[in-house]
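Participant: sequence plus predicted model, see below.
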Amino acid sequence: MASRRDFLKVTGALGAASTSGLAGCIGSFGSQPYNDGTIDFMMSPTEPQNYMMKQYGPFADHIEESVDNADVNLEYASNYSAVLQGLGSGSADIAETGPFAAALGVKSGDAEIALQRKAYGGWKYTSVIVTREDSDIESLSDLEGETIAFADITSASGSLYPLWMLKEEGLSIGEAPTSDNGADFTATWSGHAEAFKTLQDGQAAAAGVGKFITQGDDGYVDGIEPVADYMADYNENGIPRAPMVTSPELSDDNKSQLVDAISNAPDEAYLGENGKPNSETGDDETEDDLWFSGVRPADLETYQPVIDVADSLGLSTDLLDG
């Protein structure tokens, strides 16, 4: 097979941890510039570093086994902005990240959509704005002057889509999600669970969160009802689950090999360091399954709805610096 541009070695302020090199079967990387034989896989900081290393270790091992003459280097980014900077500069090759970070990366020319992940039985999910059943809130317009609890400011389902729904219904979102200055409501940002508890405790009139956090054994948990549901009320296609993105500096051949390797990962690659499903993990062990169970090829069209929401909210990569 002809030589190709090699994967690059990440540099800079990003944390690094390497896995051992293994023989493979999907092609080879030749003696072009940047000949370090390393695939740099960057992880977004959604969980503690040590935990994510355990989650993704077997996944990295599979990629090494599937690509000749290339080691995999797992990188833990300091923030989402660092992920895009690494991909845009070519110092990282592939990254797992969130829908909005990917959308902003595409907008800025720093990333290309490669794969969509599947989780909880589906390729899409939804965002909701919920309230308590004993409240007087019947529509989004009733939230003017009220307190709304959101998840993290960069969360798609827990911040950005709820803000988009509020804006669509005519409420001013001011400077949100960076602050609630100029908004028609008071806002707090934390996490999905924290925001939902704030609502349940009566400290907010509504919560904008991922629907998953609001569900009990049979629909919404007791005492909670929806005010708006993105999938049901605005777009039946919902929010595409988080993607994997590649550097625009990769050659088409290298990108294809990497996508093929990840697409063909066996079930065992998703089980984390302990090699057991979470359901079989003992009380004295850490549950470290990956949160997703499969991938499929994706492209810009898959995430165009996310890009459209980002444009509507006037978002830029500056949002990811925190």
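Facilitator: Yep, it's here. All values reported here derive from a predicted model rather than from experimental measurement. Residues are numbered from 1 along each chain as shown.
Participant: in the stretch 151-300 of the chain, which spans are strands?
Facilitator: With DSSP state E, counting those that start in this stretch as the criterion, the stretch 151-300 of the chain has strands at 186-189, 206-210, 215-216, 219-220, 224-229, 239-240, 243-246, 294-297.
Participant: could you dump these to CSV with distance to Glu285, mean neighbour count and mean pLDDT?
Facilitator: C-betas here are computed from N, CA, C, even on glycine. Shown next, in CSV, are the strands of the stretch 151-300 of the chain (distance: least, Cβ to Cβ, whole Å; neighbours: other Cβ atoms under 10 Å; pLDDT from 0 to 100):
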stretch, distance to Glu285, mean neighbour count, mean pLDDT
strand 186-189, 33, 19, 97
strand 206-210, 27, 28, 97
strand 215-216, 27, 11, 92
strand 219-220, 33, 13, 96
strand 224-229, 33, 19, 98
strand 239-240, 32, 22, 95
strand 243-246, 27, 25, 96
strand 294-297, 24, 15, 96
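Participant: now tabulate those in CSV and tack on distance to Lys197.
Facilitator: Shown next, in CSV, are those (distance: least, Cβ to Cβ, whole Å):
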stretch, distance to Lys197
strand 186-189, 12
strand 206-210, 9
strand 215-216, 14
strand 219-220, 15
strand 224-229, 11
strand 239-240, 23
strand 243-246, 29
strand 294-297, 31
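Participant: mind listing what the residue most central in space within the chain touches?
Facilitator: Centroid check for the chain by Cα atoms, centre = their mean gives Gly98 as the closest residue, at 2.1 Å. Applying Cβ atoms under 8 Å, 6 or more residues apart in numbering to Gly98 gives the contacts 44, 46, 80, 154-156, 242.
Participant: same question, Leu313
Facilitator: 160, 163-164, 167, 173, 177.
Participant: for Asp68, which of the strands of the stretch 151-300 of the chain is the nearest?
Facilitator: Proximity to Asp68, assessed across those by Cβ to Cβ, is greatest for strand 243-246 (18.8 Å).
Participant: mind saving the C-alpha coords of the closest one as CSV?
Facilitator: Output of strand 243-246 as CSV, limited to C-alpha atoms (Å, rounded to 0.1, in the frame of the first residue of the first chain):
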residue,chain,number,x,y,z
PRO,A,243,-20.5,12.6,17.4
MET,A,244,-16.9,11.8,16.9
VAL,A,245,-15.1,14.3,14.8
THR,A,246,-11.8,14.3,12.9
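Participant: for that strand, what is the distance to the chain centroid?
Facilitator: Centroid displacement of strand 243-246 relative to its chain, using Cα atoms, centre = their mean, to the nearest Å, is 9 Å.
Participant: now swap in stretch 79-98 and tell me
Facilitator: On Cα atoms, centre = their mean, the centre of stretch 79-98 falls 12 Å from the chain's centre.
Participant: before we move on, the earlier item: among the contacts of Leu313, who's most crowded?
Facilitator: The most neighbours of any of the contacts of Leu313, using other Cβ atoms under 10 Å, belong to Leu160, which has 31 neighbours.
Participant: and the pLDDT for the residue nearest to that one when sequence neighbours are not counted?
Facilitator: Spatial nearest neighbour of Leu160, chain neighbours left out: Phe100 (5.7 Å); criterion: Cβ to Cβ, 6 or more residues apart in numbering. Looking at Phe100, its pLDDT stands at 88.
Participant: element containing Phe100, please.
Facilitator: helix 99-108 (DSSP states H and E).
Participant: give me the helices and strands touching that helix, please.
Facilitator: helix 80-89, strand 112-118, strand 243-246, helix 300-313 (3 or more Cβ pairs under 8 Å, 6 or more residues apart in numbering; DSSP states H and E).
Participant: could you pull out the helices for the stretch 151-300 of the chain?
Facilitator: With DSSP state H, counting those that start in this stretch as the criterion, the stretch 151-300 of the chain has helices at 161-168, 192-200, 230-233, 252-263, 300-313.
Participant: wait, is Tyr51 part of a strand?
Facilitator: No. Tyr51 sits outside any strand when classified using DSSP: H, G, I helix; E, B strand; the rest coil, being helix.
Participant: the strand or helix carrying Val128: partners in the sheet, and parallel or antiparallel?
Facilitator: Using DSSP H and E, Val128 maps to strand 127-132. Sheet pairing of strand 127-132 (DSSP bridges) gives strand 206-210 (antiparallel), strand 224-229 (antiparallel).
Participant: noted, bye for now.
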